[in-house]
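Enquirer: kindly return the folded structure for what I paste below:
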Amino acid sequence: QVQLVESGGGLVQAGDSLRLSCAVSGRTFSSYAMGWFRQAPGKEREFVAVISWGGARTYYADSVKGRFTISRDNAKNTVYLQMNNLKPEDTAVYYCASHQRSYTITTIINEYDSWGQGTQVTVSS
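Expert: Residues are numbered from 1 along each chain as shown. I've put the predicted structure just below:
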C-alpha cells in the first residue's frame, strides 16, 4: 500500500517562503512521476507542479511559475515543493500525489491515484 506523508505547511506572511516535503513509501518511488496539487476553500483541487520519475522534467501551473520549484530526492523517497514570494491567493491545502502509471508524466489530476493527507498553507497579507 502506497503511503504519502506531507509536511512543512504553516502560516506565513505575503512574500515569505516555505518548503513542503512529501515522504513516500510502498512504491518504487524512482519509477513514478510525482505532483503537488492544492485546494482552496470552496474551490476544486488544482494542479500546481509535477516532476518526472528521474527529475529531468518539470511542469508548473502558470500561477506559480517562477515562484515555486518542485524537486525530488530518489535516495530519500521524498518530493519537495519550494515556495517563494508567497501570495494570499496561494492559501490552500497542499497535497502530494503519485502518478498511477510508472514512467508517465501528466498534469491531469485524475491520473494521480495515491494521495497524501494534505498540509495547510496560509498566507496573510
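
Enquirer: what are the bridge partners for Ser98, then?
Expert: Met34, Ser114 (DSSP bridges).

Enquirer: just checking, it touches Met34?
Expert: Yes: when contacts are counted by CB atoms under 8 Å, Ser98 is listed as touching Met34 (5.8 Å). Glycine gets a C-beta too; all of them are placed from N, C-alpha and C.

Enquirer: more neighbours: which of these two?
Expert: When Ser98 and Met34 are compared on other CB atoms under 10 Å, the one with more neighbours turns out to be Met34, at 28 against 24.

Enquirer: my guess is the more buried one meets Ala49, correct?
Expert: No: if you go by CB under 8 Å, Met34 and Ala49 don't touch, sitting 9.3 Å apart.

Enquirer: overlap of the contact sets of those two?
Expert: Ile70 (CB atoms under 8 Å, 6 or more residues apart in numbering).

Enquirer: hmm, back to that, tell me, what's touching Ser98 and Met34 both at once?
Expert: Val24.

Enquirer: phi, psi of Gln39?
Expert: phi -140, psi 120 (degrees, to the nearest 10).

Enquirer: where do the strands sit along the protein?
Expert: Along the chain, the stretches classed as strands by DSSP state E are 3-7, 10-13, 18-25, 34-39, 46-51, 58-60, 68-73, 78-83, 92-99, 112-115, 119-124.
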